[in-house]
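Participant: here is a sequence together with a model predicted from it:
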Amino acid sequence: MEKVLTRNIGFDQKPTDLKAYEANGGYRGLRKALADMSPKDCQDLISDSKLRGRGGAGFPTGMKWSFVPGEDKCGPGHKYLVCNADEMEPGTFKDRLLMECDPHQLIEGMILAAYTIGADISYVFIRGEYVLAIQRLRDALAECYAAGLLGDNVLGSGYKLDMYVHPSAGRYICGEETALINALEGKRANPRAKPPFPQVSGLWGRPTIVNNVETLCNIPHIIDRGAEWFKSLGIGEDAGTKLFGVSGKVNNPGCWELPMGTPIREIIEVHAGGMQEGYQLKGFLPGGGSTDFLTHEHLDLAMDYNVIGAAGSRMGTGTMIILDDRTCPVGMVLNLIRFFAHESCGFCTPCREGLPWTRQVLQDIEDGRGQPEDLETLAYQVNYIGALGNTHCALAPGAMEPLQSALKYFYDDFKQHISSGRCPYH
Amino acid sequence: MSKSQMIQTDVGSALSVDEIAEIDAELAHVPYKSGAAIDALKIVQAKRGWVSDESLRGIAKHLDMSAEELEGIATFYNLIYRRPVGEKVILFCDSVSCWISGCDDIKSKISKLLGVDYGETTKDNLYTLLPVPCLGACDRAPVMMVGDDLVTHLDDKKIKELFGKVKTKSTSSSKAGPKSEGSQ
């Protein structure tokens, strides 16, 4: 398979500087767009390519961009392009690789996205713990300003764009795009009520597009090589390639660029090298900590958004977490719920009060204090907290996904904890 | 920075000239002063290690905010420290992939070696131990950060090499980090 997003990423994972990036076709897409394409041409091309957001929700990127109003509707003033580099979804480690090893690919994608939507200011909102990625992005930005790729006159085209690296002060909810915007505005990162959507009224009340790192990294290649080429990369329903990852008790945990639609079994058994000796696969979260468990019967499914959705889960970030037969499923869900309870922004009651309640029930079961009625309580919580519309944002419903599917696939494990008064895995 | 090095440029302000200059540079990018609140907290923390009540009041005054509003922001974020921390903060990943890879056991051993639990600082003031959400290095689990360095594939040998020589027992008054879980 042709490597696209990881073409400049070698085994040593050294960063690609401007010279090396350009030598391998870098900034060719940007030069082409600025010379021959209007912003509308770029947007149409991205829409035609069927690129979908790689941050977890899978929203069509071209459509998202099309919601940004023109100056006739929003009046003169700034527009913003924000890269969501706040990678904090448990079990997700793909954007780190893209930023540490090929920062210019992201920057080129951001310049192209900003040009398309008419933004003049852009931010990389990156988690503060990504110290190496922050440094490498800043080094790359300095190279860009020196080379005229950013600033008042991008490559002599008259287009003006400034770009800043903005490290976060740390909170999972900043990955939600309106919470991220509040964080950029110096506030508590509570998600905003929608509508208005940020495409219309985002940062400082101005039109703002927030895109994930991996999404933006695809843009230069689509502009350079076209929509048909991009669509041909996928082997299933969806277009392009994707970074897929596997963590847990496999022989070769890691992250690989593979065609969209690659079967789950191939990712786990070939790329991740299968389960370690002495461990059997019991289940897996297909795309990070807020996706539903899938199990053996789903191994031959293709990693496409709709296929995984139809199986009752979500593609999410495409980084799988493997549950093995020697790891307690109740303990695993408890770990996840503890995370989400801690990271709740506290704005709405079902999330702020509900998640700690769920955590307490799970802790009781895991510690051997569980009662039979606790299973009914968990089912109630899944229905109540998990329903979109009962909460202010998708954090708590996301937190319920691994729990509701664990109750479905590993119900006997929950019952055994309660009947024997202890965790059978310890 | 000791108190004697701080220059009072503004009545009631606890900020140094350098800090004020850096905060003012951020103000150029925001339409109103409180928009630089998080940047200002980070600037002060970068110089002093943490944000004291006095610093918080100084920043709030400089940004025309109430101290209460700024406190609500400061305590919201995991990486703003409202209590003193050691020279290096250990951000220990306790999320799902590290948990599957045995991070609970590693954490217990680090706690034993350093004589501190989460939120505490070692007696020699070298390390503060804090939990952190998934560090995004799950293929190299278990992992943690020690200061700015990511340390991967944690095992007994590695943590002994890192922390084997640190004096044990923490001071009870040196609790650090977000004050309570969730910080709502």
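Facilitator: Nice, I can see it.

Participant: how about the residues of the stretch 101-250 of chain A by chain B?
Facilitator: Neighbours of chain B within the stretch 101-250 of chain A, by C-beta under 8 Å from any C-beta of the partner chain: A:127-132, A:164, A:167-172, A:183, A:185-189, A:204, A:245-249. C-beta coordinates here come from the backbone N, C-alpha and C atoms, glycine included.

Participant: so which of these are in strands?
Facilitator: A:164, A:167, A:245-247 (DSSP state E).

Participant: would CSV of those with pLDDT and neighbour count be doable?
Facilitator: Supplementary listing: those in CSV, determined by pLDDT from 0 to 100; neighbours: other C-beta atoms under 10 Å in any protein chain shown:
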residue, pLDDT, neighbour count
A:164, 97, 14
A:167, 96, 23
A:245, 97, 27
A:246, 98, 27
A:247, 97, 29
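
Participant: does the residue nearest the centre of chain B count as helix, strand or coil?
Facilitator: Closest to where the C-alpha atoms of chain B average out (C-alpha atoms, centre = their mean) is residue B:81, at 4.3 Å. At residue B:81, secondary structure determined by DSSP: H, G, I helix; E, B strand; the rest coil is coil.

Participant: give me every residue that touches the residue lying closest to it once chain neighbours are set aside.
Facilitator: Nearest residue to residue B:81, sequence neighbours excluded (C-beta to C-beta, 6 or more residues apart in numbering or on different chains): residue B:50, at 4.2 Å. For residue B:50, the contact set (C-beta atoms under 8 Å, 6 or more residues apart in numbering or on different chains) comprises B:81-85, B:176.

Participant: dump those residues to CSV, plus pLDDT.
Facilitator: Converted to CSV, these look like this (pLDDT from 0 to 100):
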residue, pLDDT
B:81, 97
B:82, 96
B:83, 96
B:84, 96
B:85, 96
B:176, 52
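
Participant: surely residue A:91 and residue A:318 touch.
Facilitator: No. Using C-beta atoms under 8 Å as the test, residue A:91 is too far from residue A:318 to be in contact (10.5 Å).

Participant: find residues that contact each of the two.
Facilitator: The contact lists of residue A:91 and residue A:318 share residue A:245, where a contact means C-beta under 8 Å, 6+ apart.

Participant: would you agree the residue nearest to the centre of chain B is in contact with residue B:49?
Facilitator: Yes. Contact status for residue B:81 versus residue B:49: in contact at 7.3 Å, counting by C-beta under 8 Å.

Participant: low-scoring stretches of chain B, by residue?
Facilitator: The model of chain B has pLDDT under 70 over residues B:1-13, B:166-184.

Participant: any idea how far chain A is from the closest residue to residue B:84 other than its chain neighbours?
Facilitator: Sequence neighbours aside, residue B:50 is the residue nearest to residue B:84 in space, at 5.1 Å (criterion: C-beta to C-beta, 6+ apart). Going from residue B:50 to chain A by C-beta to the nearest C-beta, to the nearest Å gives 13 Å.

Participant: the contacts of residue B:50 into CSV, with extra columns for distance to residue A:335?
Facilitator: Shown next, in CSV, are the contacts of residue B:50 (distance: C-beta to C-beta, whole Å):
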residue, distance to residue A:335
B:81, 25
B:82, 26
B:83, 26
B:84, 30
B:85, 25
B:176, 23
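
Participant: and the residues you listed, which is closest to chain A?
Facilitator: Proximity of the contacts of residue B:50 to chain A (C-beta to the nearest C-beta) peaks at residue B:81, which lies at 10.4 Å.

Participant: that closest one and residue B:115: what is the separation?
Facilitator: In this view, residue B:81 and residue B:115 are 20 Å apart by C-beta to C-beta, to the nearest Å.

Participant: same question for residue A:353.
Facilitator: 35 Å.

Participant: could you list the buried residues of the helix or strand harbouring residue A:406?
Facilitator: Using DSSP states H and E, residue A:406 sits within helix A:395-409. Within helix A:395-409, the residues scored as buried using 16 or more other C-beta atoms under 10 Å in any protein chain shown are A:395-407, A:409.

Participant: with stretch A:181-201 instead?
Facilitator: Buried residues in stretch A:181-201 (16+ other C-beta under 10 Å): A:181-192, A:198-201.

Participant: neighbour count winner among residue A:91 and residue A:318?
Facilitator: The neighbour comparison of residue A:91 against residue A:318 (other C-beta atoms under 10 Å in any protein chain shown) goes to residue A:91, with 32 against 26.

Participant: how about the nearest residue to the more buried one, chain neighbours excluded?
Facilitator: residue A:321 (4.0 Å).

Participant: against which helices or strands is the helix or strand that neighbour falls within packed?
Facilitator: Taking DSSP H and E as the definition, residue A:321 sits inside strand A:319-324. When contacts are defined as 3 or more C-beta pairs under 8 Å, 6 or more residues apart in numbering or on different chains; DSSP states H and E, strand A:319-324 packs onto strand A:241-247, strand A:281-285, helix B:96-100.

Participant: that one: how far from the chain's middle?
Facilitator: Chain-centre distance of strand A:319-324: 16 Å, with C-alpha atoms, centre = their mean, to the nearest Å.

Participant: ok, and what's touching that strand?
Facilitator: Counting by C-beta under 8 Å, 6+ apart, A:89-94, A:243-250, A:255, A:264, A:267-268, A:272, A:275-276, A:279-289, A:293, A:329, A:332, B:96-97, B:100, B:138 sit against strand A:319-324.

Participant: okay, the residue nearest the centre of chain A: pLDDT?
Facilitator: Centroid check for chain A by C-alpha atoms, centre = their mean gives residue A:55 as the closest residue, at 2.5 Å. Model confidence at residue A:55, given as pLDDT, is 92.

Participant: what's the helix or strand for residue 42?
Facilitator: Going with chain A. helix A:39-49.

Participant: that's the wrong chain, I wanted chain B
Facilitator: helix B:37-48.

Participant: so what secondary structure elements neighbour that helix?
Facilitator: helix B:17-27, helix B:53-62, helix B:67-74.

Participant: how about the ones you listed, which one is nearest chain A?
Facilitator: helix B:67-74 (5.6 Å).

Participant: what residues of the closest one count as buried?
Facilitator: By 16+ other C-beta under 10 Å, the buried positions in helix B:67-74 come out as B:70-74.

Participant: next one: stretch B:102-113
Facilitator: Buried residues in stretch B:102-113 (16+ other C-beta under 10 Å): B:103, B:106-107, B:109-111, B:113.

Participant: quick one: residue B:90 from chain A, how far?
Facilitator: 12 Å.

Participant: before we move on, what SS does that residue have?
Facilitator: Per three-state DSSP, residue B:90 ends up strand.

Participant: just say which of the helices and strands packed on helix B:37-48 is most tucked in.
Facilitator: helix B:53-62 (a mean of 20; mean count of other C-beta atoms under 10 Å in any protein chain shown).

Participant: tilt between that one and helix B:37-48?
Facilitator: 140 degrees (axes from the mean of the first three to the mean of the last three C-alpha atoms, to 10 degrees).

Participant: which strands and helices sit next to helix B:53-62?
Facilitator: helix B:17-27, helix B:37-48, helix B:67-74.

Participant: where does chain A dip in pLDDT?
Facilitator: In chain A there are no weaker segments when pLDDT under 70 is taken as the threshold.

Participant: where along it do the strands fall?
Facilitator: For chain A, applying DSSP E gives strands covering A:80-85, A:121-126, A:162-167, A:208-212, A:241-247, A:254-259, A:281-285, A:319-324.

Participant: neighbours of the spatially closest residue to residue A:46 that is not a sequence neighbour, how many?
Facilitator: Spatial nearest neighbour of residue A:46, excluding adjacent residues (C-beta to C-beta, 6+ apart): residue A:62 at 4.1 Å. Neighbourhood size, residue A:62 [other C-beta under 10 Å]: 20.

Participant: JSON lines for the buried residues of helix A:395-409, including distance to chain B?
Facilitator: Below are the buried residues of helix A:395-409 laid out as JSON lines (distance: C-beta to the nearest C-beta, whole Å):
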{"residue": "A:395", "distance to chain B": "12"}
{"residue": "A:396", "distance to chain B": "13"}
{"residue": "A:397", "distance to chain B": "18"}
{"residue": "A:398", "distance to chain B": "13"}
{"residue": "A:399", "distance to chain B": "12"}
{"residue": "A:400", "distance to chain B": "15"}
{"residue": "A:401", "distance to chain B": "13"}
{"residue": "A:402", "distance to chain B": "9"}
{"residue": "A:403", "distance to chain B": "13"}
{"residue": "A:404", "distance to chain B": "16"}
{"residue": "A:405", "distance to chain B": "14"}
{"residue": "A:406", "distance to chain B": "12"}
{"residue": "A:407", "distance to chain B": "17"}
{"residue": "A:409", "distance to chain B": "16"}
